[in-house]
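# sharing a model prediction with you, sequence too.
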Amino acid sequence: MRRAFRLKSSLDFQAVYTKGRSVANKAAVLYVLPQKPAGPSRVGFAAGKKLGKAVVRNRIKRRIKEAVRLLWPRVKPGSLLIVIARQGAKDMPFAQLQGKVGELFERAGVARSEGQGQ
């Protein structure tokens, strides 16, 4: 994920958590906050300590980051996103994980349909 599309600041994370809305499934929770001046969408990632030790959490985040990277061309501009890993993502095959992340994007309304241009 390119630097321009990453959400890093704790203030941005707090704003998305408090003002944004969420959708969830077995693999992850997606928080979405539309931006008023619609700039490029940015995304942040999180994994709680309930998932396991640091090695496990980092592995899950790497897999979710890759799933988001592959789906990123379909994401509409103008949103701040946070993807939080859930226990179900731990042992999920990658193709299924990517499908679940794509499903979250569609349910949240941040993904373009296949027919729309970029």
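Now that the structure is in, tell me what you want to look at.
# can you say which helix or strand has the residue nearest the centre of the chain in it?
A centroid search over the chain (CA atoms, centre = their mean) returns Val83, at 3.3 Å, as the residue closest to the centre. Under the criterion of DSSP states H and E, Val83 resides in strand 79-85.
# still on that earlier bit, contacting residues around the residue nearest to the centre of the chain?
28-30, 43-46, 64, 68, 101, 104 (CB atoms under 8 Å, 6 or more residues apart in numbering). Bear in mind the C-beta positions are built from the backbone N, C-alpha and C, glycine included.
# most neighbours among those, which one is it?
In terms of neighbours by other CB atoms under 10 Å, those top out with Ala28 at 27 neighbours.
# from what I see, that residue and Val101 are in contact.
Yes: contact criterion CB atoms under 8 Å: Ala28 and Val101 qualify, at 6.3 Å.
# overlap in contacts of those two?
Joint contacts of Ala28 and Val101 (CB under 8 Å, 6+ apart) are 64, 83.
# mean confidence score for the top helix by length along the chain?
Secondary structure of the chain per DSSP state H: the longest helix is helix 54-71. The average pLDDT within helix 54-71 is 96.
# which strands or helices does that helix pack on?
The elements that helix 54-71 packs onto, with contact taken as 3 or more CB pairs under 8 Å, 6 or more residues apart in numbering; DSSP states H and E, are strand 42-47, strand 79-85, helix 94-108.
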